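Asker: sequence isn't available, so here's the structure alone:
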């Protein structure tokens, strides 16, 4: 096996580098997805609050709108 060690070293180094890169990419994607999820929830909460405020606000009658 010691005769193959010099030949396998570049392959081993490539595998380790590839694994590190994949882990880094996965962490970046996870962070991005978490940020987008947080933004989506913020927007949903804003829309819900806005609709609740509009629903609870008194509606002007047709007469008061006309003049």
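Answerer: Perfect, I can see it now. Everything numeric in this text was worked out from a predicted model, so none of it was measured. Numbering: from 1, shown residues only.
Asker: quick check: residue 8 vs residue 26, distance?
Answerer: 26 Å (CB to CB, to the nearest Å). Where C-beta positions appear, they are placed from N, C-alpha and C, glycine not excepted.
Asker: with residue 7 instead?
Answerer: 30 Å.
Asker: in this structure, which spans are helices?
Answerer: 5-56, 62-66 (DSSP state H).
Asker: and among these, the most buried is which?
Answerer: Across the helices of the chain, averaging neighbours per residue (mean count of other CB atoms under 10 Å) puts helix 5-56 on top, at a mean of 10.
Asker: closest to the centroid, which residue in the chain?
Answerer: residue 33 (1.9 Å; CA atoms, centre = their mean).
Asker: show the model's pLDDT score for that one.
Answerer: We have a pLDDT of 98 for residue 33.
Asker: residue 9 too?
Answerer: If you check residue 9, the pLDDT there is 85.
Asker: what do you get for residue 66?
Answerer: 55.
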